[in-house]
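>>> With the sequence up front, the predicted model follows.
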Amino acid sequence: MYICCSNLNKEFLKLIRSMTGYGREQDTADKRTILVEIRSVNHRYYEFSSRIPRAYAYLDEKLKAFVNKRVSRGKVEVSVSIVNSEGSDIFIEVNRPVALGYINALRSANEELQLRDDLSLSQICKFSDIFSVQKTVDDEEEVWKAVETVAGRALEKFIAMREKEGQKMKEDILSRLSTLENMVCFIEKNAPLMTENYRNRLYNRLMDILQDKNIDEQRILTEAAIYSEKVAVDEETVRLHSHISQFRELLESDNQVGRKLDFLVQEMNREVNTTGSKAQDLDITRTVVEMKSEIEKIREQIQNIE
(Lines give C-alpha, C1' and ligand atoms only; values in the text may rest on other atoms or scores of the structure.)
Protein backbone atom coordinates (compact mmCIF):
# COMPACT_ATOMS: atom_id res chain seq x y z
CA MET A 1 0.00 0.00 0.00
CA TYR A 2 1.39 3.38 -1.05
CA ILE A 3 0.39 6.35 1.09
CA CYS A 4 0.83 9.71 -0.57
CA CYS A 5 2.31 12.74 1.11
CA SER A 6 -0.01 15.26 -0.64
CA ASN A 7 -3.71 16.00 -1.00
CA LEU A 8 -5.22 14.18 -3.99
CA ASN A 9 -8.92 14.92 -3.51
CA LYS A 10 -9.16 17.89 -5.86
CA GLU A 11 -12.33 18.12 -7.98
CA PHE A 12 -12.00 18.40 -11.75
CA LEU A 13 -15.19 19.66 -13.35
CA LYS A 14 -14.16 20.36 -16.93
CA LEU A 15 -15.14 17.99 -19.71
CA ILE A 16 -12.62 15.87 -21.58
CA ARG A 17 -13.75 14.49 -24.92
CA SER A 18 -13.04 11.13 -26.40
CA MET A 19 -12.29 10.97 -30.12
CA THR A 20 -14.82 8.16 -30.53
CA GLY A 21 -18.42 9.19 -31.07
CA TYR A 22 -21.65 8.79 -33.03
CA GLY A 23 -24.62 11.05 -33.72
CA ARG A 24 -27.71 10.61 -35.91
CA GLU A 25 -30.61 12.91 -36.78
CA GLN A 26 -33.44 12.83 -39.33
CA ASP A 27 -36.00 15.47 -40.29
CA THR A 28 -38.48 16.26 -43.06
CA ALA A 29 -38.89 19.84 -44.28
CA ASP A 30 -39.81 21.50 -47.57
CA LYS A 31 -40.74 18.11 -49.08
CA ARG A 32 -37.25 16.74 -48.31
CA THR A 33 -36.34 13.98 -45.86
CA ILE A 34 -32.79 14.56 -44.62
CA LEU A 35 -30.77 12.03 -42.64
CA VAL A 36 -27.35 12.90 -41.20
CA GLU A 37 -25.01 10.46 -39.41
CA ILE A 38 -21.68 11.47 -37.86
CA ARG A 39 -19.17 8.96 -36.56
CA SER A 40 -15.50 9.16 -35.62
CA VAL A 41 -12.51 7.19 -34.36
CA ASN A 42 -9.21 8.36 -32.94
CA HIS A 43 -6.66 9.98 -35.22
CA ARG A 44 -3.62 12.19 -34.70
CA TYR A 45 -5.17 15.09 -36.61
CA TYR A 46 -8.58 16.16 -37.93
CA GLU A 47 -9.46 14.05 -40.97
CA PHE A 48 -12.83 14.46 -42.65
CA SER A 49 -14.65 12.29 -45.18
CA SER A 50 -18.25 12.27 -46.36
CA ARG A 51 -20.79 10.09 -48.11
CA ILE A 52 -23.15 12.42 -49.98
CA PRO A 53 -25.36 11.89 -53.09
CA ARG A 54 -23.53 13.09 -56.19
CA ALA A 55 -26.13 15.77 -56.89
CA TYR A 56 -25.30 17.36 -53.54
CA ALA A 57 -21.50 17.10 -53.70
CA TYR A 58 -21.24 20.85 -53.05
CA LEU A 59 -22.19 20.13 -49.41
CA ASP A 60 -18.88 18.37 -48.69
CA GLU A 61 -16.73 21.45 -48.00
CA LYS A 62 -19.53 23.14 -46.09
CA LEU A 63 -19.94 20.13 -43.81
CA LYS A 64 -16.19 19.80 -43.32
CA ALA A 65 -15.90 23.39 -42.08
CA PHE A 66 -19.12 23.08 -40.05
CA VAL A 67 -17.91 20.03 -38.11
CA ASN A 68 -14.38 21.41 -37.71
CA LYS A 69 -15.76 24.33 -35.70
CA ARG A 70 -16.61 21.87 -32.91
CA VAL A 71 -14.19 19.01 -33.53
CA SER A 72 -10.41 19.42 -33.70
CA ARG A 73 -9.11 15.83 -33.75
CA GLY A 74 -10.29 12.46 -34.95
CA LYS A 75 -11.14 10.68 -38.17
CA VAL A 76 -14.68 11.92 -38.83
CA GLU A 77 -17.12 10.51 -41.39
CA VAL A 78 -20.40 12.26 -42.21
CA SER A 79 -23.14 10.46 -44.15
CA VAL A 80 -25.98 12.49 -45.67
CA SER A 81 -29.13 11.13 -47.31
CA ILE A 82 -31.60 13.50 -49.03
CA VAL A 83 -34.86 12.09 -50.38
CA ASN A 84 -37.33 14.37 -52.12
CA SER A 85 -41.07 13.67 -51.88
CA GLU A 86 -42.35 11.80 -54.95
CA GLY A 87 -42.67 14.19 -57.86
CA SER A 88 -41.65 17.27 -55.90
CA ASP A 89 -38.35 17.64 -57.71
CA ILE A 90 -39.59 17.32 -61.30
CA PHE A 91 -41.89 19.27 -63.61
CA ILE A 92 -43.38 18.44 -67.03
CA GLU A 93 -43.36 20.99 -69.84
CA VAL A 94 -45.16 20.83 -73.20
CA ASN A 95 -42.87 21.20 -76.18
CA ARG A 96 -45.13 23.61 -78.03
CA PRO A 97 -43.26 23.70 -81.36
CA VAL A 98 -43.40 19.90 -81.61
CA ALA A 99 -47.11 19.83 -80.67
CA LEU A 100 -47.95 22.48 -83.28
CA GLY A 101 -45.96 20.51 -85.81
CA TYR A 102 -48.09 17.42 -85.16
CA ILE A 103 -51.32 19.43 -85.37
CA ASN A 104 -50.39 21.15 -88.62
CA ALA A 105 -49.23 17.87 -90.17
CA LEU A 106 -52.46 16.07 -89.22
CA ARG A 107 -54.68 18.86 -90.51
CA SER A 108 -52.75 19.01 -93.74
CA ALA A 109 -53.23 15.27 -94.17
CA ASN A 110 -56.92 15.72 -93.35
CA GLU A 111 -57.33 18.26 -96.14
CA GLU A 112 -55.52 16.14 -98.68
CA LEU A 113 -57.32 12.93 -97.78
CA GLN A 114 -60.66 14.67 -97.06
CA LEU A 115 -61.05 12.96 -93.66
CA ARG A 116 -63.26 14.06 -90.78
CA ASP A 117 -61.44 16.52 -88.55
CA ASP A 118 -61.82 14.94 -85.10
CA LEU A 119 -58.46 16.10 -83.74
CA SER A 120 -58.59 16.54 -79.93
CA LEU A 121 -56.23 17.09 -76.98
CA SER A 122 -56.40 13.44 -75.92
CA GLN A 123 -55.23 12.39 -79.37
CA ILE A 124 -52.34 14.85 -79.35
CA CYS A 125 -51.27 13.53 -75.93
CA LYS A 126 -50.57 10.16 -77.49
CA PHE A 127 -47.42 11.64 -79.02
CA SER A 128 -45.05 11.33 -76.03
CA ASP A 129 -42.31 13.46 -77.51
CA ILE A 130 -44.37 16.61 -77.11
CA PHE A 131 -43.73 16.39 -73.34
CA SER A 132 -40.43 17.30 -71.71
CA VAL A 133 -39.77 15.93 -68.19
CA GLN A 134 -37.22 18.04 -66.31
CA LYS A 135 -35.72 17.93 -62.82
CA THR A 136 -36.14 21.00 -60.64
CA VAL A 137 -32.86 22.83 -59.99
CA ASP A 138 -32.31 23.01 -56.22
CA ASP A 139 -31.45 26.25 -54.51
CA GLU A 140 -28.05 25.34 -52.99
CA GLU A 141 -28.32 27.77 -50.09
CA GLU A 142 -31.81 26.55 -49.25
CA VAL A 143 -30.63 22.93 -49.28
CA TRP A 144 -27.58 23.78 -47.16
CA LYS A 145 -29.68 25.55 -44.53
CA ALA A 146 -31.92 22.50 -44.24
CA VAL A 147 -28.95 20.11 -44.02
CA GLU A 148 -27.12 22.41 -41.59
CA THR A 149 -30.07 22.33 -39.19
CA VAL A 150 -30.22 18.53 -39.18
CA ALA A 151 -26.42 18.21 -39.06
CA GLY A 152 -26.31 20.58 -36.09
CA ARG A 153 -28.61 18.35 -34.04
CA ALA A 154 -26.65 15.24 -35.07
CA LEU A 155 -23.42 17.01 -34.08
CA GLU A 156 -24.80 17.80 -30.61
CA LYS A 157 -25.57 14.11 -30.04
CA PHE A 158 -22.14 13.20 -31.43
CA ILE A 159 -20.34 15.58 -29.06
CA ALA A 160 -22.48 14.48 -26.09
CA MET A 161 -21.36 10.89 -26.67
CA ARG A 162 -17.73 12.03 -26.92
CA GLU A 163 -18.01 13.94 -23.65
CA LYS A 164 -19.70 11.05 -21.84
CA GLU A 165 -16.96 8.63 -22.85
CA GLY A 166 -14.30 11.26 -22.18
CA GLN A 167 -15.58 11.75 -18.62
CA LYS A 168 -15.17 8.04 -17.89
CA MET A 169 -11.67 8.14 -19.32
CA LYS A 170 -10.79 11.17 -17.19
CA GLU A 171 -11.98 9.45 -14.02
CA ASP A 172 -9.82 6.45 -14.82
CA ILE A 173 -6.78 8.62 -15.57
CA LEU A 174 -7.19 10.65 -12.36
CA SER A 175 -7.37 7.43 -10.36
CA ARG A 176 -4.18 6.18 -11.96
CA LEU A 177 -2.46 9.53 -11.40
CA SER A 178 -3.27 9.23 -7.69
CA THR A 179 -1.81 5.74 -7.63
CA LEU A 180 1.26 6.98 -9.49
CA GLU A 181 1.78 9.88 -7.10
CA ASN A 182 1.48 7.54 -4.13
CA MET A 183 4.29 5.48 -5.65
CA VAL A 184 6.43 8.60 -6.10
CA CYS A 185 5.88 9.44 -2.43
CA PHE A 186 6.91 5.90 -1.49
CA ILE A 187 10.15 6.28 -3.44
CA GLU A 188 10.81 9.69 -1.82
CA LYS A 189 10.35 8.13 1.61
CA ASN A 190 12.70 5.22 0.93
CA ALA A 191 15.29 6.91 -1.32
CA PRO A 192 17.42 8.41 1.52
CA LEU A 193 17.77 5.00 3.14
CA MET A 194 18.69 3.51 -0.24
CA THR A 195 21.38 6.17 -0.75
CA GLU A 196 22.73 5.63 2.76
CA ASN A 197 22.88 1.85 2.34
CA TYR A 198 24.62 2.22 -1.01
CA ARG A 199 27.19 4.60 0.50
CA ASN A 200 27.93 2.19 3.37
CA ARG A 201 28.29 -0.77 1.02
CA LEU A 202 30.59 1.20 -1.23
CA TYR A 203 32.66 2.41 1.73
CA ASN A 204 33.07 -1.10 3.14
CA ARG A 205 34.00 -2.42 -0.29
CA LEU A 206 36.65 0.26 -0.76
CA MET A 207 38.05 -0.39 2.70
CA ASP A 208 38.38 -4.09 1.91
CA ILE A 209 40.19 -3.38 -1.37
CA LEU A 210 42.44 -0.62 -0.04
CA GLN A 211 43.10 -1.94 3.46
CA ASP A 212 46.79 -2.58 2.69
CA LYS A 213 47.24 0.85 1.12
CA ASN A 214 48.24 3.97 2.97
CA ILE A 215 45.16 6.04 2.08
CA ASP A 216 43.35 8.49 4.30
CA GLU A 217 40.09 6.97 5.53
CA GLN A 218 38.36 10.35 5.24
CA ARG A 219 39.24 10.43 1.54
CA ILE A 220 37.63 7.03 1.07
CA LEU A 221 34.52 8.20 2.91
CA THR A 222 34.34 11.32 0.73
CA GLU A 223 34.63 9.33 -2.52
CA ALA A 224 31.96 6.88 -1.33
CA ALA A 225 29.64 9.80 -0.59
CA ILE A 226 30.24 11.34 -4.03
CA TYR A 227 29.46 8.09 -5.84
CA SER A 228 26.45 7.36 -3.65
CA GLU A 229 24.89 10.67 -4.71
CA LYS A 230 24.75 9.34 -8.28
CA VAL A 231 21.98 6.96 -7.22
CA ALA A 232 19.92 9.74 -5.61
CA VAL A 233 16.52 10.21 -7.30
CA ASP A 234 15.45 13.53 -5.77
CA GLU A 235 15.43 15.37 -9.10
CA GLU A 236 13.40 12.66 -10.79
CA THR A 237 10.73 12.57 -8.06
CA VAL A 238 10.42 16.38 -8.07
CA ARG A 239 9.89 16.38 -11.84
CA LEU A 240 7.39 13.52 -11.56
CA HIS A 241 5.33 15.51 -9.05
CA SER A 242 5.45 18.46 -11.45
CA HIS A 243 4.34 16.35 -14.42
CA ILE A 244 1.45 14.84 -12.44
CA SER A 245 0.35 18.32 -11.36
CA GLN A 246 0.46 19.57 -14.97
CA PHE A 247 -1.47 16.49 -16.06
CA ARG A 248 -4.30 17.35 -13.68
CA GLU A 249 -4.33 20.98 -14.78
CA LEU A 250 -4.62 19.93 -18.42
CA LEU A 251 -7.51 17.60 -17.59
CA GLU A 252 -9.24 20.65 -16.13
CA SER A 253 -8.61 22.76 -19.23
CA ASP A 254 -11.31 23.79 -21.72
CA ASN A 255 -8.92 23.31 -24.63
CA GLN A 256 -8.06 20.22 -26.65
CA VAL A 257 -5.26 18.65 -24.63
CA GLY A 258 -4.65 15.21 -26.17
CA ARG A 259 -1.26 16.05 -27.72
CA LYS A 260 0.00 17.82 -24.60
CA LEU A 261 -0.99 14.87 -22.45
CA ASP A 262 0.85 12.56 -24.83
CA PHE A 263 4.00 14.65 -24.39
CA LEU A 264 3.68 14.59 -20.59
CA VAL A 265 3.33 10.81 -20.59
CA GLN A 266 6.59 10.54 -22.51
CA GLU A 267 8.32 12.79 -19.97
CA MET A 268 6.91 10.82 -17.04
CA ASN A 269 8.10 7.60 -18.60
CA ARG A 270 11.56 9.10 -19.05
CA GLU A 271 11.81 10.08 -15.36
CA VAL A 272 10.61 6.67 -14.20
CA ASN A 273 13.16 4.92 -16.43
CA THR A 274 15.94 7.09 -14.97
CA THR A 275 14.74 6.28 -11.46
CA GLY A 276 14.78 2.59 -12.30
CA SER A 277 18.33 2.77 -13.65
CA LYS A 278 19.51 4.38 -10.40
CA ALA A 279 17.57 2.13 -8.06
CA GLN A 280 19.74 0.11 -5.66
CA ASP A 281 16.81 -1.13 -3.59
CA LEU A 282 14.52 -4.06 -4.37
CA ASP A 283 11.33 -2.34 -3.12
CA ILE A 284 12.04 0.75 -5.23
CA THR A 285 12.76 -1.40 -8.27
CA ARG A 286 9.42 -3.17 -7.84
CA THR A 287 7.69 0.18 -7.46
CA VAL A 288 9.28 1.43 -10.68
CA VAL A 289 7.92 -1.61 -12.53
CA GLU A 290 4.42 -0.86 -11.22
CA MET A 291 4.79 2.81 -12.18
CA LYS A 292 5.66 1.85 -15.75
CA SER A 293 2.54 -0.30 -15.89
CA GLU A 294 0.33 2.58 -14.69
CA ILE A 295 1.90 5.04 -17.14
CA GLU A 296 1.32 2.63 -20.02
CA LYS A 297 -2.36 2.34 -19.07
CA ILE A 298 -2.62 6.15 -18.96
CA ARG A 299 -0.90 6.37 -22.35
CA GLU A 300 -3.44 3.98 -23.86
CA GLN A 301 -6.29 6.13 -22.56
CA ILE A 302 -4.98 9.47 -23.81
CA GLN A 303 -4.52 8.06 -27.32
CA ASN A 304 -8.28 8.55 -27.62
CA ILE A 305 -8.53 12.03 -26.05
CA GLU A 306 -9.25 14.98 -28.33
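Yep, it's here.
>>> Next, find the distance separating the residue lying closest to A29 once chain neighbours are set aside from S81.
Nearest residue to A29 in three dimensions, chain neighbours excluded: A146, at 5.6 Å (CB to CB, 6 or more residues apart in numbering). Where C-beta positions appear, they are placed from N, C-alpha and C, glycine not excepted. For A146, the distance to S81 equals 13 Å [CB to CB, to the nearest Å].
>>> Could you pull out the residues contacting both of the two?
I34 (CB atoms under 8 Å, 6 or more residues apart in numbering).
>>> more crowded one of the two?
Each of A146 and S81 has its neighbours counted (other CB atoms under 10 Å); A146 has more, 17 against 14.
>>> Hmm, E25 and that one touching each other?
No. Applying CB atoms under 8 Å as the test, A146 and E25 come out as separate, 12.0 Å apart.
>>> Which elements pack onto the helix or strand hosting E181?
If you go by DSSP states H and E, E181 is part of helix 140-209. The contact analysis (3 or more CB pairs under 8 Å, 6 or more residues apart in numbering; DSSP states H and E) places helix 140-209 against strand 21-29, strand 32-41, helix 59-68, strand 74-84, helix 217-228, helix 234-251, helix 282-302.
>>> So which elements touch the second one?
Right, strand 32-41. strand 21-29, strand 74-84, helix 140-209.
>>> Can you mark which positions in the helix or strand following that strand are buried?
Per DSSP H and E, the first helix or strand lying C-terminal to strand 32-41 is strand 46-51. By neighbour count on 16 or more other CB atoms under 10 Å, the buried set for strand 46-51 is Y46, F48, S50.
>>> Distance check, the residue nearest to the second one when sequence neighbours are not counted against S85.
Nearest-residue entry for F48: K64, 4.5 Å, with adjacent residues in sequence omitted and distances by CB to CB, 6+ apart. Here K64 is placed at a distance of 28 Å from S85 (CB to CB).
>>> Those two: which has the busier surroundings?
Neighbours were counted for K64 and for S85 using other CB under 10 Å; K64 has more, 15 against 11.
>>> What is the burial count for the residue nearest to A154 when sequence neighbours are not counted?
In this structure, A154 finds its nearest non-sequential neighbour in E25, 3.9 Å apart by CB to CB, 6+ apart. Neighbour count of E25, defined by other CB under 10 Å: 19.
>>> Now the nearest residue to L59 once chain neighbours are set aside: phi and psi?
Nearest-residue entry for L59: I52, 5.5 Å, with adjacent residues in sequence omitted and distances by CB to CB, 6+ apart. Per-residue torsions, I52: phi -130, psi 140 (degrees, to the nearest 10).
>>> Now for I52: which residues touch it?
L59, D60, L63, V78, S79, V80.
>>> how much space between it and V36?
In terms of CB to CB, I52 sits 10 Å off from V36.
>>> Now for the two: what residues contact both?
Listed as contacting both I52 and V36 by CB under 8 Å, 6+ apart are V78, S79, V80.
>>> In a markdown table: these, plus neighbour count, distance to R286 and pLDDT.
Shown next, in a markdown table, are the shared contacts of I52 and V36 (neighbours: other CB atoms under 10 Å; distance: CB to CB, whole Å; pLDDT from 0 to 100):
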| residue | neighbour count | distance to R286 | pLDDT |
| --- | --- | --- | --- |
| V78 | 25 | 50 | 97 |
| S79 | 15 | 51 | 96 |
| V80 | 21 | 55 | 96 |
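>>> which one of those residues sits closest to E249?
Proximity of the shared contacts of I52 and V36 to E249 (CB to CB) peaks at V78, which lies at 33.5 Å.
>>> any idea how far S81 is from the closest residue to the closest one other than its chain neighbours?
Counting by CB to CB, 6+ apart, S50 is the residue found nearest to V78 once chain neighbours are left out, at 4.7 Å. Between S50 and S81 the computed distance is 12 Å (CB to CB).
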